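from the sequence below, what's the structure:
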Amino acid sequence: FGGNSPQCDGTFTMGTTSIQSLKMYLIYLNVGTTTPTSIQGNIMKNINYRSSNTEPFYGMFINAGAVNIGTVTGNAIGDTTGTGSLTLTSTAAGALSYGINVVSTGDVTISNNRIGSILAANSTATNGHSFYAINKSLGAGTFTVNGNTIGSQSTSGNIQCSSAATGNNQYMAGIYANPTASATFSNNVVANLLNSTTRNDAGSYVYGIYISGTATNVISRNFIRNLSCNSAGTNNMLAGFYSASSSGTSTFTNNIISLGGGIDNKLYAINGIYDNSGSTEYYYHNTVYLYGSITGNTSVNTSAFNKSGLNQGLTLKNNVFVNSRSGGTGSGKHCAINLNNISITSDYNDLYAPNTNGVTGIYNTTIYSTLEAWKTATLLDVNSANDNPLLQNAGGNTAIDYKPTVDLYGTDLSSTVPTDFIGTTRSTDPTMGA
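Have a look, this model is predicted:
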């Protein structure tokens, strides 16, 4: 799909001279559930498209049925190098486009696909054009997202919402899901997403993976890095994971999140993991690394782990939470852990925030600069550490860059997390992190 010659060479152009309110569906499925429909090996690239519709583009729209997408041979929506293979321009006040959009309540598996080199633009700088690479609407059906690459490991701003969007919100997410049955998100890479909005608003955000709904979720071995937003305000947010499930159970294991590249001097909230959930949640053997610096005045905190939801069924064990961000004036701090209540289980974690304005933890608004002060006040993290994990190449482009080079020993979780990020069997005396 795309191009103006064989193998998608050249550029397919539509709507650039005569604008209409059109929706482009490259693949649209309304199928049954008895035998899954298979979508394999398709290529979608080299498209320059303009529309006045508020939902101008869908790479794939799964309206109904059981569907397997890329389970045999992955599909390509755009490219994982370069920029603008799909250039999508809206003239509407607020538009939202999708790589893959699932509203079906049948079982859907999305595996081994590449979504990237996408420019979501707007003809007017006051208007936004938002983008979700993979979206699952609220509803039933087993939902599996495995082994996909969203964005690029090598190209900055590979997926970009390019409008300044000063007049309405512009937002983006690698995966945005609201399942109500069982769901699995594993082995995905989300990297180099850029929201160019300058609007100072919480509704103008960038999330790596957002999960809501009421499902039983498993989130494992995902690698998220280099999410960025151009706003100079204090109300925007970046989050590697944003968990907002109202009920159900979510288990996060062996994930790696690295945020900070290209976002020096940003005053908004940067969270490796933002937990705003009402579900029961377990975080085991995850590695979060925040880095960069600021010089401005802000009351906003950055957090490797931030819990603001109502759930009390929260367990944190064997995680490495590093916040190496530095600087800033005002009351804002760079913390390893930030909690709104302490009726949780947290232990055998590495909580490290060594730089200027770095603190171990915040409970409500009370700041605890040291691990000992945190332990005394919260009665949490009795066996946790405050050590530099000496990550192999912190801020690097590959997962192996985030392997600790010092052994920080945790507690035995081998019955729940038997292997690490690369599949090596964990011992009964395991080290912390992914």
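
CA only for contacts and neighbour counts going forward, please
Noted.

distance of G2 relative to T155?
Relative to T155, G2 is positioned 22 Å away (criterion: Cα to Cα, to the nearest Å).

these two: which is more packed in?
G2 (22 against 17; other Cα atoms under 10 Å).

how about that one, what does it touch?
When the contact criterion is Cα atoms under 8 Å, 6 or more residues apart in numbering, the partners of G2 are 8-9, 11-12, 44-47.

confirm it sits in a strand?
No: looking at G2 with DSSP: H, G, I helix; E, B strand; the rest coil, it is coil, so not inside a strand.

state the distance from G292 to L267.
G292 sits 12 Å away from L267, going by Cα to Cα.

more crowded one of those two?
Residue environment comparison for G292 versus L267 gives the larger neighbour count to L267, 26 against 18, counting by other Cα under 10 Å.

in a strand, that one, correct?
No: L267 is assigned coil when assessed by three-state DSSP, not a strand.

can I assume it is in contact with S293?
No: the pair L267 and S293 does not pass the contact test of Cα atoms under 8 Å, sitting 9.9 Å apart.

what's in contact with the helix or strand containing M60?
Under the criterion of DSSP states H and E, M60 resides in strand 57-64. Taking Cα under 8 Å, 6+ apart as the criterion, the residues outside strand 57-64 that touch it are 23-32, 44, 77, 88, 96-106.

shaky segments in this structure?
For the chain, applying pLDDT under 70 flags the ranges 18, 311-312.

mind doing that once more with 80?
Screening the chain residue by residue with the criterion pLDDT under 80, one finds the ranges 16-19, 309-312.

which residue ranges form the helices in it?
For the chain, applying DSSP state H gives helices covering 371-378.

make CSV out of the contacts of G2 and add neighbour count and distance to N388.
Rendered in CSV, the data for the contacts of G2 read as follows (neighbours: other Cα atoms under 10 Å; distance: Cα to Cα, whole Å):
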residue, neighbour count, distance to N388
C8, 16, 49
D9, 12, 49
T11, 16, 50
F12, 17, 51
M44, 20, 44
K45, 25, 44
N46, 25, 45
I47, 23, 47
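
my guess is F1 meets L26, correct?
Yes: in this structure, F1 is within contact of L26 by Cα under 8 Å, at 7.1 Å.

could you give the number of residues near the spatially closest residue to A202 that is not a sequence neighbour?
Counting by Cα to Cα, 6 or more residues apart in numbering, A202 lies nearest to N236, which is 4.5 Å off, once chain neighbours are set aside. When neighbours are counted by other Cα under 10 Å, N236 registers 25.

check N386 too.
N386 has 20 neighbouring residues, counting by other Cα under 10 Å.

try L96
Number of residues near L96 (other Cα under 10 Å) recorded here: 21.

from G167, how far off is it?
In this structure, L96 and G167 are separated by 15 Å, where distance is defined by Cα to Cα.

can you put the contacts of G2 in TSV and add distance to A121?
Supplementary listing: the contacts of G2 in TSV, determined by distance: Cα to Cα, whole Å:
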residue	distance to A121
C8	22
D9	22
T11	17
F12	17
M44	18
K45	16
N46	15
I47	13
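
surely Y348 touches D387?
No: counting by Cα under 8 Å, D387 is not a contact partner of Y348; they are 12.0 Å apart.

what about those two, which has more around it?
Remark: of Y348 and D387, Y348 carries more neighbours, 24 against 15, as counted by other Cα under 10 Å.

phi first, then psi, for the more buried one.
Comment: the main-chain dihedrals of Y348 come out as phi 60, psi 40, following degrees, to the nearest 10.

ok, it - contacts?
Y348 makes contacts with 317-319, 381-385, 409-411, 432, as judged by Cα under 8 Å, 6+ apart.

thinking again about what came up before, can you tell me the strand partners of the strand holding M60 and which way each runs?
On the basis of DSSP bridges, the sheet neighbours of strand 57-64 come out as strand 24-30 (parallel), strand 94-102 (parallel).
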